[in-house]
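> Structure for this input, please:
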Amino acid sequence: MSSFASGTRSLSSPQIVGPPPPLFSVKIQSFSPLFSSIRLHGRASSINGKWVRRKTRSQATSADSDDPVISARNAQGGGGPSTSFLSVLCPLLKLFSGGDPSGQRNDALEVATSSLSTLARLPWGSRSVMRSKDGEITVSGPPLPMQLFEFEACPFCRRVREAMTELDLLSKYLYVYPCPKGSARHRELVRNLGGKEQFPFLIDPNTGVSIYESGDIVNYLFEKYGNGTNPSAGLLESTLFTGWMPTILRAGRGMTLWEKARQVQPPEMLELFSYENNPYARIVREALCELELPYILQNVGEGSSREKILMDLSGSKEVPFIIDPNTGAKMGDYKKILDYLFQTYSSAA
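Numbers count the residues shown, from 1 in each chain. Just a heads-up that it's a prediction; the model follows:
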């Protein structure tokens with residue numbers, strides 16, 4: 001299989017690294033030990049006999065890209081209407097996003113717009129379609145954590161997170177690296193690892209596969225870990241109402257790096273119990289994105305195998321629930337979580 005140049009690295013055949021660190025003690029002071037040990041496939045990857053084509057930097061024509069430059073090139077080269085729509089929408093939403101995300105919010109409006117966003121995407125991303133044993137990733141040797149690079153406001157990233165909720169993949173297999181516009185760290189990683197700044201971007205070191213396209217990612221996850229379950233049409237299609245309405249209703253929250261966000265990331269990953277279509281968890285994920293805080297995602301949709309874990313930790317099945325091993329903080333009220341995150345991880349803290 002051919003290799004291709006990406007950033008400053010040559011990407012070739014996959015190489016499996018050691019097991020992920022124990023839960024609650026995931027060290028992220030340096031990304032290089034994990035990512036430099038992962039060698040990605042070339043231009044195509046085999047998925048149950050099918051090949052997922054990945055484009056090089058010069059072939060970046062996906063409508064999944066949120067990059068205005070790529071979007072403009074797509075429009076010139078016959079890209080889909082959603083490409084041009086996104087390049088225009090992002091700057092407009094920034095103007096109406098309500099200003100400083102750490103400031104006083106209208107709680108009723110916040111919950112209302114997030115709840116309407118939930119209605120727009122029903123029934124996807126609310127419940128597990130798997131039994132607990134089906135959510136296990138089965139690979140030869142110790143399973144390794146998947147890494148998802150995304151940002152909360154992106155409609156294409158949303159469908160991938162919905163798929164992960166429905167597949168109920170175990171938490172130790174999913175690290176989320178938010179990539180807001182203005183990103184100080186994670187967008188550069190995506191460019192270096194994959195060759196272009198496009199989202200979502202998934203790395204699965206269990207199989208050596210790296211994928212950009214959201215539809216390809218959803219198909220890959222179901223074919224590899226779905227035990228014969230097929231993704232619903234809603235996960236593969238993004239109409240104006242179902243795909244873009246949450247982004248519009250939330251006025252671009254979870255899209256741009258907060259200007260006062262701390263530049264130095266914490267030594268350990270935060271851990272979030274959430275499911276994609278929960279209106280309160282959405283508001284917390286937006287904040288994590290605006291602060292560019294990487295976290296371990298615990299998907300706890302209806303029927304999830306982790307409901308008991310959440311109950312034991314918090315005394316409730318309600319999400320969001322966050323654990324910060326850097327400070328020992330544990331809390332479940334979304335308003336308290338917002339206050340905590342913006343106070344703890346601001347540059348002035």
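> Please count neighbours and contacts with C-alpha atoms only from this point.
Fine.
> quick one: contacts for Gly315?
Contacts for Gly315 (Cα atoms under 8 Å, 6 or more residues apart in numbering) come out as none.
> distance of it from Glu307?
Per Cα to Cα, to the nearest Å, Gly315 is found 11 Å from Glu307.
> what number of residues lie near Arg185?
By other Cα atoms under 10 Å, the residues close to Arg185 number 16.
> Please tell me the pLDDT value assigned to it.
pLDDT for Arg185: 92.
> Check Ser58 too.
30.
> How about Trp124?
pLDDT, Trp124: 77.
> And for the one 5 residues further on?
Reading off the confidence values, Val129 has pLDDT 70.
> my guess is it is in a helix, correct?
No: remark: Val129 does not belong to a helix; assigned using DSSP: H, G, I helix; E, B strand; the rest coil, it is coil.
> quick one: the nearest residue to it once chain neighbours are set aside and Ser346, what's the gap?
Closest residue to Val129 apart from its sequence neighbours, by Cα to Cα, 6 or more residues apart in numbering: Glu166 at 5.3 Å. Per Cα to Cα, Glu166 is found 33 Å from Ser346.
> can you pull out the helices in the stretch 151-300 of the chain?
155-167, 186-194, 214-225, 233-236, 245-249, 279-290 (DSSP state H, counting those that start in this stretch).
> Deepest-packed of those, please.
Greatest average neighbour count among the helices of the stretch 151-300 of the chain goes to helix 155-167 (a mean of 26), per mean count of other Cα atoms under 10 Å.
> what does it contact?
64, 124-130, 135, 150-152, 199-200, 214, 217-218, 221-222, 225-226, 231, 235-236, 238, 243-244, 246-247, 275-277, 299-301.
> What subset of the residues you listed is buried?
Buried members of the contacts of helix 155-167, counted by 16 or more other Cα atoms under 10 Å: 64, 124-130, 135, 150-152, 199-200, 214, 217-218, 221-222, 225-226, 231, 235-236, 238, 243-244, 246-247, 275-277, 299-301.
> need the helices of the stretch 151-300 of the chain in TSV with distance to Pro145, can you?
Below are these laid out as TSV (distance: least, Cα to Cα, whole Å):
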stretch	distance to Pro145
helix 155-167	13
helix 186-194	16
helix 214-225	14
helix 233-236	23
helix 245-249	28
helix 279-290	20
